[in-house]
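[1] Just a sequence and a predicted model for now, questions to come.
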Amino acid sequence: MPNVKTAISIQKSLFDQAEKIARKMKLSRSHLYALALEDYIHREQNRELLAQINAAYADEPDATEKTLRLKARGTHRRIVRGEW
């Protein structure tokens, strides 16, 4: 995949910390920044996915689903007790 050069402005203290970590990890600053950005993007995608999942389950179950859940619990209980 082709690379793109970009310039960013960050606080000196953040730059110094990144420089120290890059040296410790034996990475270039560019590689460290790319890894950090990839990690941030993945976490953001996971947050969005979690929000979608939570939205899908936010609704209360309808009467049919409640009945099915009760029947499933009863069946599960009998199986666990060995009554099945």
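    Sure, I can see it. Numbers count the residues shown, from 1 in each chain.

[2] Which of the helices or strands spans Glu38?
    helix 29-56 (DSSP states H and E).

[3] For that helix, enumerate the helices and strands it packs against.
    helix 12-25 (3 or more CB pairs under 8 Å, 6 or more residues apart in numbering; DSSP states H and E). Any C-beta I mention is one placed from the backbone N, CA and C, and that applies to glycine too.

[4] Which positions within the helix it packs on qualify as buried?
    For helix 12-25, the neighbour count (16 or more other CB atoms under 10 Å) marks 18, 22 as buried.

[5] Please put the alpha-carbon coordinates of the lowest-mean-pLDDT helix or strand in the chain into PDB.
    Sorting the helices and strands of the chain by mean pLDDT, DSSP states H and E puts helix 63-81 at the bottom, at a mean of 93. Output of helix 63-81 as PDB, limited to C-alpha atoms (Å, rounded to 0.1, in the frame of the first residue of the first chain):
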ATOM      1  CA  ALA A  63     -44.800 -10.500  24.300                       C
ATOM      2  CA  THR A  64     -43.900 -13.400  21.900                       C
ATOM      3  CA  GLU A  65     -40.200 -13.100  22.800                       C
ATOM      4  CA  LYS A  66     -40.900 -12.900  26.500                       C
ATOM      5  CA  THR A  67     -43.000 -16.100  26.300                       C
ATOM      6  CA  LEU A  68     -40.200 -17.900  24.300                       C
ATOM      7  CA  ARG A  69     -37.600 -16.800  26.900                       C
ATOM      8  CA  LEU A  70     -39.800 -18.200  29.800                       C
ATOM      9  CA  LYS A  71     -40.200 -21.500  28.000                       C
ATOM     10  CA  ALA A  72     -36.500 -21.700  27.200                       C
ATOM     11  CA  ARG A  73     -35.700 -21.100  30.900                       C
ATOM     12  CA  GLY A  74     -38.100 -23.800  32.000                       C
ATOM     13  CA  THR A  75     -36.600 -26.200  29.500                       C
ATOM     14  CA  HIS A  76     -33.100 -25.400  30.600                       C
ATOM     15  CA  ARG A  77     -34.000 -25.800  34.200                       C
ATOM     16  CA  ARG A  78     -35.400 -29.300  33.600                       C
ATOM     17  CA  ILE A  79     -32.400 -30.300  31.500                       C
ATOM     18  CA  VAL A  80     -30.000 -29.100  34.300                       C
ATOM     19  CA  ARG A  81     -32.000 -31.000  36.900                       C
END
